[in-house]
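Enquirer: pasting the structure only:
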RNA sequence: GGUCCCAUCGUCCAGCGGUCUAGGACACCGCCCUUUCAAGGCGGCGACACGAGUUCGAACCUCGUUGGGACCGCCA
């Protein structure tokens, strides 16, 4: 524990790519663990791979975390007492401790590198908060493929520390007391424990998270499609949903609750309740979670989020009032599982053009058209332009003319929306307003 | 090949020795509602990998088998 006993965790990505799903998952659980207890969440950039690290990637990662709503308390952009927060800016620290290891004879030089001698015969016990006790012999902590013991490089020939050395130094120096990371790091942990031991430092608590797998049950990677969190934004997923969905991978708040916000998750989060089994990333479930969040989202916020998707479709939401667009989305209800779909399915509220493109006159026979013309002529002169009035009028008319509601509701929907599917057609008509309805019906020759 | 890890419906989670003829959610399939489609309601399909133990009793404990995964870089 840190001096004041509070949780100090960190998310330590290397800026060699965008924030991907696996990283986001790890960051999320670190964040939850910090937030549930008023702890500190630190962002540390592990840029010791000078060739592949870029400032752009560092920015994308930070943007990705912000998008997900994972805010950090200390980091390269905001500083903090334990800074600097980029490993490339902490070189003196690594050198200092490498020298210490050199002096104590636990490490040696080879070329320009510093190599830690892997001890033999030490029993290591990793007490993982999720995986339980994992025992391993020190000589097995670092091996070559042929099974021989391998010493551990801690400073590379280019003077940069290796990952296994830098993490240990930084986690110790930054007073990190919980190391929460992916399960793929379990095999690295013994190596790191050896370094803690050599430097006579106390090890932090460890918690390894189950991997996230693709449908083929292999570690999630580029070939599984979307990897960057921003791709999910582009596909129409809300940050709230991605957060919610990711939190559900390996953990559940209990009580059958599946839809929740960040605060609720943080309140009930428990590392000990995280399961060990790797989880398959299931798009169907993400879609469901997204739809649920869309349902409970404030209309004003929803409108703001959907607007760019309408624009993307070549529509012009800016010509409508905020209220109109909000009403349209409210009317849409749970139709559409992504903001992308929602924008698409509601395009006729924004512009008439997509309706014209979709409309096919052959859907309606000449005889039908004659009947419909008679109906619409009366329909348009309804005194009160209210959906209930329209429906009552339509039902009444159908009854006296021996027609079914379908016979007029379907063509009306077709002419107004260019779709076979929409919210209640009279509500759509009400919102579009009499002028717009007249215009559309006229255009398709349902009115003279 | 070596080291380590994992193992409940197709998928995500419940279960932590008896209340399990194993529960919920997603997906899928029916039915209802209905001007369409969602939503909603009701119902269905569907799993403790296998084998030995331990125990009065095992999805839960132990061992083995099988299957899957991760890691074995002067990448992180």
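Expert: Thanks, I have it. All values derive from a computational prediction rather than experimental measurement.

Enquirer: ok, now which ones touch the nearest residue to residue A:425 once chain neighbours are set aside?
Expert: Excluding its sequence neighbours, the residue lying closest to residue A:425 (Cβ to Cβ, 6 or more residues apart in numbering) is residue A:413, at 4.4 Å. Bear in mind the C-beta positions are built from the backbone N, C-alpha and C, glycine included. Applying Cβ atoms under 8 Å, 6 or more residues apart in numbering to residue A:413 gives the contacts A:419-420, A:422, A:425, A:428.

Enquirer: of those, closest to RNA strand B?
Expert: Proximity of the contacts of residue A:413 to RNA strand B (Cβ to the nearest atom of the strand) peaks at residue A:425, which lies at 4.0 Å.

Enquirer: what's the neighbour count on that closest one?
Expert: As a burial measure, residue A:425 scores 23 neighbours (other Cβ atoms under 10 Å).

Enquirer: for RNA strand B, give me its nearest residue in the stretch 1-150 of chain A.
Expert: Nearest to RNA strand B, among the residues of the stretch 1-150 of chain A, is residue A:46, at 2.9 Å (Cβ to the nearest atom of the strand).

Enquirer: from residue A:57, how far off is that residue?
Expert: Distance of residue A:46 to residue A:57, computed by Cβ to Cβ, to the nearest Å: 12 Å.

Enquirer: same check, this time on residue A:157
Expert: Residue A:157 is 24 Å from residue A:57, where distance means Cβ to Cβ.

Enquirer: these two - which one has more neighbours?
Expert: Each of residue A:157 and residue A:57 has its neighbours counted (other Cβ under 10 Å); residue A:57 has more, 19 against 11.

Enquirer: contacts only, for the more buried one.
Expert: By Cβ under 8 Å, 6+ apart, the contact set of residue A:57 is A:15-18.

Enquirer: ok, which of those residues also contact RNA strand B?
Expert: Here is what survives when the contacts of residue A:57 are matched to RNA strand B using Cβ under 7 Å from any atom of the strand: residue A:16.

Enquirer: nearest to residue A:174 among the contacts of residue A:57?
Expert: Ranked by distance to residue A:174 (Cβ to Cβ), the contacts of residue A:57 are led by residue A:15 at 18.0 Å.

Enquirer: any idea which of the contacts of residue A:57 has the most stuff around it?
Expert: Most neighbours among the contacts of residue A:57, by other Cβ under 10 Å: residue A:15, with 24 neighbours.

Enquirer: touching, that one and residue A:55? I think so.
Expert: Yes. Residue A:15 is in contact with residue A:55 according to Cβ atoms under 8 Å; the separation is 7.4 Å.

Enquirer: quick check: neighbours shared by these two?
Expert: Common neighbours of residue A:15 and residue A:55 (Cβ under 8 Å, 6+ apart) do not exist.

Enquirer: and for residue A:46 and residue A:57, which residues touch both?
Expert: Contact criterion Cβ under 8 Å, 6+ apart; residues shared by residue A:46 and residue A:57: residue A:15.

Enquirer: returning to what we had before: would you turn the contacts of residue A:57 into CSV with pLDDT, distance to residue A:314 and secondary structure?
Expert: CSV is the format used below for these (pLDDT from 0 to 100; distance: Cβ to Cβ, whole Å; DSSP: H, G, I helix; E, B strand; the rest coil):
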residue, pLDDT, distance to residue A:314, secondary structure
A:15, 95, 36, coil
A:16, 93, 36, coil
A:17, 91, 32, coil
A:18, 92, 28, coil
